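S.K.: build the 3D model from these lines:
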Amino acid sequence: MYEMVSDNITDNGPLYSVSESEQTAIQSYKYQDVTDLYWDIPQRVWGVTYKAIASANQALAAIEELGNPEETEGSKAEALLCRAFGHFILANTFCIAYNPVSSNTDLGIPDMEASRNGS
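M.R.: Numbering: from 1, shown residues only. All right, here's what the predicted structure looks like:
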């Protein structure tokens, strides 16, 4: 998905025929809403990234439930890193760039610092 919105792509116009499975590439390239249901689509990036964040939150909740033993410090650090990276990917994919003038009204992403069960 990211390749199609980079400068590493060329619009050949009607030179080549486009199959139905390539519509995702064309829609991404033209910054249009993606209507395909293939794996490399914005909806899938959104869903699987939040699943990864939820997994990190579950690991953090389990570590806390164990009383934060010293031998879990590495696992806790990795879970925190994974959660932060997931939010980074989502923000860079779905949010507009920071603007100090409009940042109070610009939409962001849901920040999932805890799992749904409140841990």
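
S.K.: hey, let's count contacts and neighbours off CA atoms from now on
M.R.: Noted.

S.K.: so for the helix or strand harbouring Leu60, what gets flagged as buried?
M.R.: Assigned by DSSP states H and E, Leu60 belongs to helix 42-65. By 16 or more other CA atoms under 10 Å, the buried positions in helix 42-65 come out as 42, 45-46, 49-50, 52-61, 63.

S.K.: hey, where'd the helices end up in this structure?
M.R.: With DSSP state H, the ranges of helices along the chain come out as 23-29, 42-65, 73-94.

S.K.: make TSV out of the ones you listed and add mean pLDDT.
M.R.: Below are the helices of the chain laid out as TSV (pLDDT from 0 to 100):
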stretch	mean pLDDT
helix 23-29	72
helix 42-65	93
helix 73-94	95
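
S.K.: who wins for proximity to Asp36 among those helices?
M.R.: Among the helices of the chain, helix 23-29 comes nearest to Asp36, with 6.0 Å by CA to CA.

S.K.: centre of the chain to that closest one, how far?
M.R.: Chain-centre distance of helix 23-29: 18 Å, with CA atoms, centre = their mean, to the nearest Å.

S.K.: go on, stretch 28-45?
M.R.: 13 Å.

S.K.: what's the answer for stretch 46-58, then?
M.R.: 9 Å.

S.K.: quick thing: my sequence starts at 8, can you match it?
M.R.: Got it, the first residue is 8 from now on, which makes the last one we talked about stretch 53-65.

S.K.: dump that stretch to PDB, restricted to CA.
M.R.: Extracted in PDB, the C-alpha atoms of stretch 53-65 (Å, rounded to 0.1, in the frame of the first residue of the first chain):
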ATOM      1  CA  TRP A  53      -5.800  -0.400  10.500                       C
ATOM      2  CA  GLY A  54      -7.200  -3.700  11.800                       C
ATOM      3  CA  VAL A  55      -4.100  -5.700  12.100                       C
ATOM      4  CA  THR A  56      -2.100  -2.900  13.700                       C
ATOM      5  CA  TYR A  57      -4.700  -2.400  16.400                       C
ATOM      6  CA  LYS A  58      -4.700  -6.200  17.000                       C
ATOM      7  CA  ALA A  59      -0.900  -6.000  17.500                       C
ATOM      8  CA  ILE A  60      -1.500  -3.100  19.900                       C
ATOM      9  CA  ALA A  61      -4.100  -5.200  21.800                       C
ATOM     10  CA  SER A  62      -1.600  -8.100  22.000                       C
ATOM     11  CA  ALA A  63       1.000  -5.800  23.500                       C
ATOM     12  CA  ASN A  64      -1.500  -4.400  26.000                       C
ATOM     13  CA  GLN A  65      -2.400  -8.000  27.000                       C
END
